[in-house]
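Student: the following block contains a protein sequence and its predicted model.
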Amino acid sequence: MREKILVVFLKICGIILMVALIPAVMPFFWMQEIHRWLGMGELPGEPIVGYLTRSLSLMYVAHGALIYFVSLDVRRFLPVVRFLGILCIVFGSSMIGLDAAVGMPAYWIVCEGPLIVPLGIVILSLAKGVPGTKE
């Protein structure tokens, strides 16, 4: 049962992350409007900003594709699944510090890292009930 829940959980996480394809290809003026709507002021229009926003979105898409891929055979990729769980905990914890250090709004600090850490904990917890394969 835990294995089936893990598979569904990983697939959902992967699909949600792959939705980042939308900002990777959306018109830049949409990004500027969203930035204003979030109360963060004007989003600079320099090329590096467009590059960083789009490349980060594509990294989220790639990460989501990897998570979805390992969900297709969690027994075979169990070490990778466990690593992804640890990675979520480390990444989420790091984002809390980074968000605070760069001055992100409080709602962002509270919603980003603190929501990623439990995902890693859930992944590791569910992975404990999955028997690995011996190859």
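Tutor: The structure has been received and is ready for your questions.

Student: residue 54 contacts residue 22, correct?
Tutor: No: using C-beta atoms under 8 Å, residue 54 makes no contact with residue 22, being 11.1 Å away. In this view, the C-beta of every residue, glycine as well, is placed from N, C-alpha and C.

Student: the more surrounded of those two?
Tutor: Higher neighbour count among residue 54 and residue 22: residue 54, with 17 against 11, using other C-beta atoms under 10 Å.

Student: and that one, what is it in contact with?
Tutor: By C-beta atoms under 8 Å, 6 or more residues apart in numbering, the contact set of residue 54 is 23, 24, 25.

Student: which members of those are classed as buried?
Tutor: Buried members of these, scored by 16 or more other C-beta atoms under 10 Å, are residue 23.

Student: and the contacts of residue 54 as JSON lines, adding secondary structure, pLDDT and distance to residue 90?
Tutor: Formatted as JSON lines, those follow (DSSP: H, G, I helix; E, B strand; the rest coil; pLDDT from 0 to 100; distance: C-beta to C-beta, whole Å):
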{"residue": "23", "secondary structure": "helix", "pLDDT": "94", "distance to residue 90": "24"}
{"residue": "24", "secondary structure": "helix", "pLDDT": "95", "distance to residue 90": "24"}
{"residue": "25", "secondary structure": "helix", "pLDDT": "95", "distance to residue 90": "29"}
